[in-house]
Every structure is written in C-alpha cells, then in structure tokens.
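J.: I'll drop the sequence and a predicted model, then ask my questions.
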Amino acid sequence: MTAAVSAPNGVASCVIPPAGLDVLIRALRARGYRVVGPTVRNRAIVYEELTAAAQLPVGWTDVQDGATYRLERRDDDARFGYAVGPHSWKQFLLPPRLRLLRVRRTPGGGADAGQDGGDGARGGGTEDDGGYAGKNGGYDGSSGGTATAGPGPGRLDFEEEPPPTTRLALIGVRSCELHAIAIQDRILVAGRYPDRDYTARREGLFIVALNCHEPGGTCFCVSMDTGPAVRQGSGYDLVLSEILTGEHRFLVEAGTGRGAEVLAELTGPPAANTGVTTGSTGADDRTAAGGANSRSGDEPAPARPATSADWEAAQTGVERAVSRMGRTLDADNLRDLLAANLEHPRWDDVASRCLTCGNCTMVCPTCFCLTVEDVGDLAGGEAERWRSWESCFSLDHSYLHGGPVRGSSRSRYRQWLTHKFATWHDQFGTSGCVGCGRCITWCPVAIDVTEELTAIRANSVPGEPVS
Amino acid sequence: MSTGTRPSAEAALPATAPLSSSPAAPAAPVVAEMTPRPFRVVDRVRETPDTWTLRLVPDDGGPTIDAVPGQFTMVYAFGVGEVPVSVSAVPSDGVPLTHTVRAVGAVTEAICAAKPGDVLGVRGPFGRGWPLDQAVGRDVLVIAGGLGLAPLWPVVHALARRDSAGRAAAVLVGGRTPADLPYRDELARLAAQTGLQVLVTVDRADPGWDGRVGVVTALLPDARFDPARTVAFLCGPEVMMRVTAAALTDAGVPAHRVHLSMERNMHCGIGHCGRCQLGPMLLCLHGPVCDYGRLSPLLTIREL
C-alpha cells in the first residue's frame, strides 16, 4: 500500500487515471465478484455486468426533466458524467422476479377417494361436496394411481430456493442510491423478519460509490439530505471522485478494510510481482509488458498519491453539484403535513393526470412492494412459489374479496405519495424518498412529486395528523 | 404481541395426531418465513353452506404452530395459492391448530375442499392477537359479524371457561341469515350451560327463525356491560365494526379498549409485500388487532 497516502480525514486513498478503472474491474473480478455498473443500452444508461471499463458510458450525459430522458454527447470523456437512469441497484438485491419455493406433492391413496367420510356437519347447510371431491380425485388420477394406489396419506414437500452464491460489486453508486440501499436494508435486513435472499445478496456486496458531480434535471437529493457527496462511513467499500478539470483522473478513497485491500492493488506493484494470481488477461498483459516500471502506451498509468489539489477538485465537484439540483423540495415534517391532508383537493387534481401505470414505483430505488404467486404444473405433481415486484398502483394490490380497497386513481396516488413521504417514517423511521428524481423523469405524464407536495403545503389543512 | 413460549410437540398435539416422524425430533424444521410447513387435515366440519372448520396437525414431525387468539397464519393450497386466516382455536386450548374458512375464491375453495388426510401448507403465526389481559377485572363484549366470529371463537371459549364470579361477558353475533351463522349449536350450548350472555340477530330471517332481526348494534341495549369498565373485541365486515365501535364509544367505552380485527390483502405476513397498509400501519405486523383509538381517524377516510 506504499502509493496510498493519508487523506485529510485519515483514510487510504490514491489517484488513478481513467484506465485505472480497468484495473479496478479486474481486481474485483479476480476476487470473485460479478461487477455491475453503468453502460449505454437502448439509448439509456442502465446497470449491467461489466467486464471492462470501456463499457462505461464514456462521454455520455443524460438530459432529464418531467417525462423526459435523453442521452447527449459530452465534450469530454467523463465515465460518470450522467445522473441516474431508469435502473436502480434494487434489481440486484431484490430481483424483479424470484422463485422462492418448489413444492412436490406425493399423492396418497384412499384417504380422499371421492367420499366425504371424514366430514361432520353442524349448523345446518346441505352436504353437497361433489365438486370438490371430484377435483381431488382428478389430481390423484393424473398423478399415476398405479404406483401409489395403496392406502396411506399423501404428502407435500417444500424445497426452498438456495440463497445466491454470486457476490456482486457495484460500480458508480451515488449517495442517493447508497441511502436507498440503506432504506431497503431497514425493511429487509434489520426488520423483524429478515429476508434471507436479500440479506445474502446484501452481505456479499462490494460497493464502489461515486461522489456525484453531475445532478440531473429532476434531482433533489440536497432537499432530502441524501447527497450529492457520499458520506464517510455510509456503507461503501471504495468511493470515486471523477475529476475532469486538468488531467482527467479519479480520486479513490477506501471506506472499509476490504476496500483498502482493493485500493492497494490499484496502487501496488503488478499482481504477478506480489504473488496475487488473478488469472485474468490483464495481469498477464502487465507481466508481459515488464511490470509497473515499463508500461506500454496501452497500459494504465500508475496510480499516485492524492495531493491537496485532488482533494480540492473533488470537493469543488460536489459543491457545484449542490448548486445545480434540478428540483427543490421543502421536506420539513412532510409526515405530519400529509397525515393532516388526506382529503386535500390536490389529490383530485393529480388523479386527473395520473395514469396509474406504476412507472414511478418500478423506477423508485426504495419501493419494495411485492406479489407472491403460487403456480402449479398441469400434471398436479409440482408447484412453485414466485415473488415479483408489485405496485400500489395496481388494483390487485389492495384487492379484498370482491374489489380493491383503493379503486380510484386518487386513492392509489395518495397511497404512493403518503407512504413514500409520510407513513414510511412511522413504519421504518426514515423517509422513503432519496430525491433521485427517477419518478419525475419516468412518469409518462410528468407528474412531479416536488410540485405535488409543494401544492399541498401551500394550501394545507391545519390540524392534527391522524396517527 | 405475545406468543409465549413454544410448547413441546408432545404437549401441543392431541394423542390422536398422526405423527409422521419419530418423537425424538421435536424441533421445528428451520425454514424461511415464506416457506410453509406441511399440515395434515385431521378433522373437517361444515359450519355453514360455504364455510368449513379444519383442524390441522404438523406433518413434518415438528411442533404445531403456537398461535394466540387473534393471530393468523398463511394457509397454502397446493398449486393454487395462499391466504391469511385467523386461528379459530389455539393449540394451548388442547386442540389442534384450527381454521374456519369460507369458500369465496379459488384458494379458499381449495382449502375448504381439503379432506381429512389431505395436506395443506401453513406458516406463521403472524400479527398481534387480542389483548386478553385487558379482560381481567372488566366486563367483556365480544361482537361479531358473520364469520367474524371465527377469530373471536377462542376468546368466547376463554370467557366461557372463566370463573362465574368474574364480571359480565356477552357475545353478540349478527349474521346475514340464520344459515350463515357459524358455530350456531355450540353458541346455544354455551349460552345454556355457562354464564355467557349470548345475543344473536340476523339481517333476514328464514321460516325456522324465531330470534331477532336487525343489525348487531341493536343488540347493545340488551347486553350487560358497564361502559366505563368494559373491553370490547370486534370482528366482522369493516362497516359493521366501524358502526359498532362508534356506538360503543358513544356509550362511554374508552376507544383504546375497543379492539377490531382488521382485514386487508396480504401476500407475506411479514411486512415485506406492502399490501396490508392502513395509513401508518402494516396490518400483518401492527395488526390485525388494533384499538379503535388508533383506527378511528383512519376508518373515516375513504379508500385509505
């Protein structure tokens, strides 16, 4: 770790050239991580697996406003010169669709052979059970009655999906997104019932965070106190600052011990010389080129210690970002404001525009609502349980024998907004919003949560909150 | 919520329970909360034309599910789906886990179709039950609408067992028709043989009905209770509970001693699916039993 210097706050750090990102990706892959980061696909910046830094959105930025997202060329080669796209990291921790169980049914024989022998009857009513008995008989018959025709009960065996074993490394996680992960952690890790799959994915995670220098047109993290600077100790392993003034470079700081280990690989001698065998072509290339002291033109320039000029440039980047937020919101005590205004006329106004498409909930990095579906095969011997993302904008979400509790778009929009900004506090001790602006950008009719909340506050009903 | 300590399998199971594995393995299999355990139907009784009571014992050699009155489990019908169902008798009463289910959809139809010997999946218990400690030294009102009597059924039995020197206890039940009243014979027996005051009314009488006709709140004037010293447990359609709870508080029962068992869509029971929200509450965690002091402002808002 000789090239790392002490930062002003005492953490291990270094400065690498853009090509050093390849070293970072290789180092993470060599440690067994599947590396995921931003890349351009279908004219949007999305999060996908990366094997090389060239897949980053080099020289691209995004122009965002309500219902507007457009990629444009930058006049530099910034790797992280955009804000956030339609993807959030939640797809990697809380997969959009996940099998939870396989269930195998071994039919018995005789116990339910189409008769109601076990039934008693009381309280009136007629004994008319033929349809159900027939259904059970059908299952039994289709499952191969010859092999299991003997007397004896059937059985159900539940086989849980094994927890994932692949560990992920996320590259380019902004402060708003770190906050979003921390919010989902409260629900799915720190809650009364930790989710086993999420927890396994989360525990294996390596996070390369990014100080945000490029807020988008719908961003308001400053209002939500979630960015743009990554807070020290907020759960990242490494944090990058992309400096575009002067020499294009990245200031890299370690946030954890394992982050410091990876950082040492960025700064130390070539892997081949330290006995670290990566097996990657990158390490072989570097060895072939003669090591750190005789790099060819294609090789990453060596990392160097950070100087005060580097720290100042990184600081300037986040300060400029603070002043360039596309949106602002008065977030003061939104919990009580919304609780006292559940019948505000603005709900009717926004309902006249909302399509209840659920886009806002799909792009939201904290929305966690789920649906659980049980499916069976046609033969009746195997079934599965799947879990999928759901939205409070669907009618099924609140369906209760005969119809939805929240049938109107007014009530469904109110549920989304009040949950996100108010009752989330009651349930999880934090706001559910991190100010990333995705719900504004990806709303097809440009409904803007900052505008709706401002309208409610401007003409709010005074009074006690209902909870 | 209080679930108490988990009794051993031997203590919780009736002697007739068909244990499928050796009694030397009493520990519950370690499974994720979303994974049901197999439970075998040992008894099935038809309560009304569309409602059945199922008694269930573990089919995996583990202990039964140790629910307290008012809690619910998620009951799974193979390949069809899963629904939340309150317990209508609890293992601590010396009987198997018991659920009374009305066949109103695909899943509940499949559950109601399960015969003795069939295996269902069950996981739980979930949620907060009735705060029965509040009944000590107080008059108790149990007020049910239709199948809402099922989650209250363990409470009714606890009251029926109570020392007759205790304070008054009344069970008020409203049904759509006489045929829709669950546990009718058992209710009549409890009324005749215990100190329970049992009042029953129906919306629509049939030719054999000589009882009362009207809404359940119309029974309140005949119920024996001192409002200031009363705790009330309500379960039924939401509108019935809202009207009844308002009538009770109007009569002087403190709102925080009027308890309602609320119902919302649930897919998980563990606070992850987000479907059972009612204002600030996730009813699977903070309910299903909530007091009217907390609920009353929420119940007046349409489509909350």
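T.: Now that the structure is in, tell me what you want to look at.

J.: The closest residue to residue A:105 other than its chain neighbours: neighbour count?
T.: Using C-beta to C-beta, 6 or more residues apart in numbering or on different chains and skipping residues adjacent in sequence, the residue nearest residue A:105 is residue B:78, 5.1 Å away. All C-beta atoms are positioned from the backbone trio N, CA, C, and that covers glycine. When neighbours are counted by other C-beta atoms under 10 Å in any protein chain shown, residue B:78 registers 25.

J.: Just name the shakiest helix or strand of chain A by mean pLDDT.
T.: In chain A, no helix or strand scores lower on mean pLDDT, DSSP states H and E than helix A:130-142, which sits at a mean of 30.

J.: any weak-confidence spans in the stretch 351-467 of chain A?
T.: Counting by pLDDT under 70, the stretch 351-467 of chain A contains low-confidence residues at A:462-467.

J.: Could you list the residues of it in contact with chain B?
T.: A:368-377, A:380, A:383, A:385, A:387, A:390, A:392, A:396-401, A:405-408, A:410-411, A:415, A:419, A:422-423, A:426-427, A:466-467 (C-beta under 8 Å from any C-beta of the partner chain).

J.: are any of those residues buried, and which?
T.: A:368-372, A:374, A:376, A:380, A:383, A:385, A:387, A:390, A:392, A:397-399, A:405-406, A:410-411, A:415, A:419, A:422-423, A:426-427, A:466-467 (16 or more other C-beta atoms under 10 Å in any protein chain shown).

J.: For the residue nearest to residue A:105, give me its contacts.
T.: A:103, A:105, A:156, A:376, A:383, B:110, B:119-121 (C-beta atoms under 8 Å, 6 or more residues apart in numbering or on different chains).

J.: and chain B, what are its domains?
T.: B:9-126, B:132-299 (automatic domain parsing).

J.: Export the ones you listed to JSON lines and append columns for mean pLDDT.
T.: Putting these into JSON lines (pLDDT from 0 to 100) gives the following:
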{"stretch": "domain B:9-126", "mean pLDDT": "84"}
{"stretch": "domain B:132-299", "mean pLDDT": "95"}
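
J.: so which of the ones you listed gets nearest residue A:69?
T.: For these, distance to residue A:69 was read as C-beta to C-beta. The smallest value, 26.6 Å, belongs to domain B:132-299.

J.: Run the chain-centre distance for the closest one.
T.: 10 Å (C-alpha atoms, centre = their mean, to the nearest Å).

J.: Next, the distance between the ends of that domain.
T.: 23 Å (C-alpha to C-alpha, to the nearest Å).

J.: Briefly note if it comes near chain A.
T.: Yes. Judged by C-beta under 8 Å from any C-beta, domain B:132-299 comes into contact with chain A at B:178-179, B:181-186, B:263-265, B:267-268, B:270-275, B:277, B:279-282, B:285, B:294, B:297-298.

J.: Filter the buried ones among the residues of the stretch 351-467 of chain A next to chain B down to just the ones in helices.
T.: A:410-411, A:415, A:426-427 (DSSP state H).

J.: For the residues you listed, give me CSV that also has distance to residue A:452.
T.: Shown next, in CSV, are these (distance: C-beta to C-beta, whole Å):
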residue, distance to residue A:452
A:410, 12
A:411, 15
A:415, 13
A:426, 20
A:427, 21
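
J.: Up against chain A, what does the stretch 1-150 of chain B have?
T.: Counting by C-beta under 8 Å from any C-beta, the stretch 1-150 of chain B sits next to chain A at B:18, B:20, B:31-38, B:40-41, B:43-49, B:59, B:76, B:78-82, B:104-105, B:109-110, B:112-113, B:115-121.

J.: Among the residues you listed, which ones are in strands?
T.: B:37-38, B:40-41, B:43-48, B:76, B:81-82, B:119-121 (DSSP state E).

J.: top of the residues you listed by neighbour count?
T.: residue B:76 (30 neighbours).

J.: Test my guess that it contacts residue B:84.
T.: No. Residue B:76 lies out of contact with residue B:84 (C-beta atoms under 8 Å); the separation is 11.0 Å.

J.: Apart from its chain neighbours, what residue comes closest to residue A:37?
T.: residue A:171 (3.5 Å).

J.: So that neighbour belongs to a helix, correct?
T.: No. Secondary structure assignment (DSSP: H, G, I helix; E, B strand; the rest coil) places residue A:171 in strand, not in a helix.

J.: which residues sit in contact with it?
T.: A:21, A:24-25, A:35-38, A:50, A:208.

J.: between those residues, which is closest to chain B?
T.: residue A:36 (23.5 Å; C-beta to the nearest C-beta).

J.: now for the helix or strand hosting that closest one, which elements pack on it?
T.: According to DSSP states H and E, residue A:36 maps onto strand A:33-41. Strand A:33-41 sits against helix A:20-30, strand A:44-49, strand A:167-174, with contacts defined as 3 or more C-beta pairs under 8 Å, 6 or more residues apart in numbering or on different chains; DSSP states H and E.

J.: Could you say which of these is packed most deeply?
T.: Comparing the helices and strands packed on strand A:33-41 by mean neighbour count (mean count of other C-beta atoms under 10 Å in any protein chain shown), strand A:167-174 ranks first with a mean of 24.

J.: so how many other residues sit close to the residue in chain B that chain A sits nearest to?
T.: At 2.4 Å from chain A, residue B:79 is the closest residue in chain B, using C-beta to the nearest C-beta. By other C-beta under 10 Å, 20 other residues sit near residue B:79.

J.: what does residue B:132 give?
T.: 19.

J.: before we move on, the earlier item: quick one, phi/psi of the residue of chain B closest to chain A?
T.: With angles defined as degrees, to the nearest 10, residue B:79 sits at phi 70, psi 0.

J.: in terms of contact, does it touch residue A:376 like I think?
T.: Yes. Counting by C-beta under 8 Å, residue A:376 is a contact partner of residue B:79 at 2.4 Å.

J.: where do the contact lists of these two overlap?
T.: residue A:383.

J.: Can you tell me the SS state at the residue most central in space within chain B?
T.: Closest residue to the average C-alpha location of chain B: residue B:151 at 0.9 Å, with C-alpha atoms, centre = their mean. Judged by three-state DSSP, the three-state class of residue B:151 is helix.

J.: Contact partners for it?
T.: Contacts of residue B:151 (C-beta under 8 Å, 6+ apart): B:69-70, B:72, B:86-88, B:235, B:261, B:288.
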